[in-house]
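Undergrad: return a 3D structure for these sequence lines:
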Amino acid sequence: MAQLSYFNNHGTWKIIIAVVCFLLAIIIFSMFWFYSNELRLQGIFLDYACRFLHDASGTFAYIPLFLLLTAGLIALFVFQHLAFSSKGTKNSNYWDFSNPGFLGILNIIEFIWGFQFLRDACTSSLT
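TA: Numbers count the residues shown, from 1 in each chain. Just a heads-up that it's a prediction; the model follows:
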C-alpha cells in the first residue's frame, strides 16, 4: 500500500509514465503503418514455415537438440572461464575478463567458433 501512496503523492511521476507510454504507443502504431508491406511478407513466410513443419514434423526434434547443444556450449564456456580466471595472473576475480590472459582469448575464440558451428549445423540440417 505504501507504493501506491507514493504515486498518489507525487503526481509528476504519473505524468512522466503516461507521456512515455503514449510516445511508445505512437511509435508502435507508426511502425505498423510504415512497415505494413514487410509484415504482410513475414506473414507469407510464416504461412510457408507452418506448412513445411506440418509436412516434415521430424524437424521439431532439431529445436530441443540445438537448444541443448547451445546450453552445453555456454556451460563449457563458463566452466572454462571460471577455471582460467581462478588461476589468473592478477587475482581470482570471476568478472575480470582480462584476468585469464591468453587462455581467456582462446576461450572467447572457442565460444565464437562454437556458435558459428551451431549456426552452420542448424541451417544445413534444416535445408
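
Undergrad: show me what counts as buried in the host helix or strand of Ile109.
TA: Under the criterion of DSSP states H and E, Ile109 resides in helix 102-126. Neighbour-count burial for helix 102-126 flags Leu103, Gly104, Asn107, Phe111, Gly114, Cys122 (criterion: 16 or more other CB atoms under 10 Å). The C-beta positions use only the backbone N, C-alpha and C, and glycine is treated the same way.

Undergrad: nearest to Gly11, of those?
TA: Taking CB to CB as the measure, Gly11 lies nearest Phe111 of the buried residues of helix 102-126, at 49.1 Å.

Undergrad: leaving out sequence neighbours, find the closest residue to that closest one.
TA: Of all residues beyond its chain neighbours, the one nearest Phe111 is Phe77 (4.6 Å), with distances taken as CB to CB, 6 or more residues apart in numbering.

Undergrad: check which helix or strand the one you found maps to.
TA: Using DSSP H and E, Phe77 falls in helix 62-86.

Undergrad: where does pLDDT dip in the chain?
TA: 1-10, 87-94, 97, 124-127 (pLDDT under 70).

Undergrad: go again with 50.
TA: Within the chain, the stretches with pLDDT under 50 are 1.

Undergrad: tell me the angle the helix holding Phe77 makes with helix 102-126.
TA: What separates the directions of helix 62-86 and helix 102-126 is an angle of 180 degrees, with axes from the mean of the first three to the mean of the last three CA atoms, to 10 degrees.
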